Structures are given as C-alpha cells and as structure tokens.
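# requesting a structural model of the entry that follows:
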Amino acid sequence: MDFRTLFAVGGGLAALALVAGWRGARPPNLQRGPRLVPWRFIMLLSAAVAILLIFQALRLSGWLPHR
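Now for the predicted structure:
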C-alpha cells in the first residue's frame, strides 16, 4: 500500500471515529426509540484500524523494522 492510499484510508477512518464518537456520546432520545446503530463499537473499531495504519506508515517510512 503506498503512502497516498494509506493516508486517505487512515484519514477516512479517523473522521469516521470522530463522527461515531460524537454520535455515540449524544444522550438517548426515548421518544424515538432505541438506537439501532452501535456508534461506540464503530468508533472503537475504526480508531483501532487507524492506529494499525499509523504503524504501517511508520514501517513504510523506515522508523519501525519489518518482520
């Protein structure tokens, strides 16, 4: 994966984590019913993958050794 693709996917995942964190932190609206989208799980999953992509970028740039 080259740097452009890596940063585009990483930026998209970071933006998704921010939006999902904002949506998950809103108080529940009991008149509309339960939430059907697990925003906190989406936030954690996208943040974890973004962190893995940061490590991949460090490996590609030579800061971390390849296995």
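# check this protein and tell me which residue is nearest its centre.
Centrality entry for the chain: nearest residue to the mean C-alpha point is Ser46, 2.6 Å, by CA atoms, centre = their mean.
# mind checking the SS state of the residue in the chain sticking out farthest from the centre?
Centroid-distance maximum for the chain: Gln31 at 29.9 Å, with CA atoms, centre = their mean. Under the three-state scheme (DSSP: H, G, I helix; E, B strand; the rest coil), Gln31 adopts coil.
# let me know the pLDDT of the residue nearest to the centre of the chain.
Looking at Ser46, its pLDDT reads 97.
# now do the buried residues in stretch 47-54.
Ala47, Val49, Ala50, Leu53 (16 or more other CB atoms under 10 Å). Yep, even glycine has a C-beta here, placed from its N, CA and C like the rest.
# among those, which ones are in helices?
Counting by DSSP state H, the buried residues of stretch 47-54 place Ala47, Val49, Ala50, Leu53 in helices.
# among these, pick out the one closest to Asp2, please.
Leu53 (12.5 Å; CB to CB).
# in the ones in helices among the buried residues of stretch 47-54, find the pair that's most separated.
Checked with CB to CB, these reach their widest spread between Ala47 and Leu53, with 10.7 Å between them.
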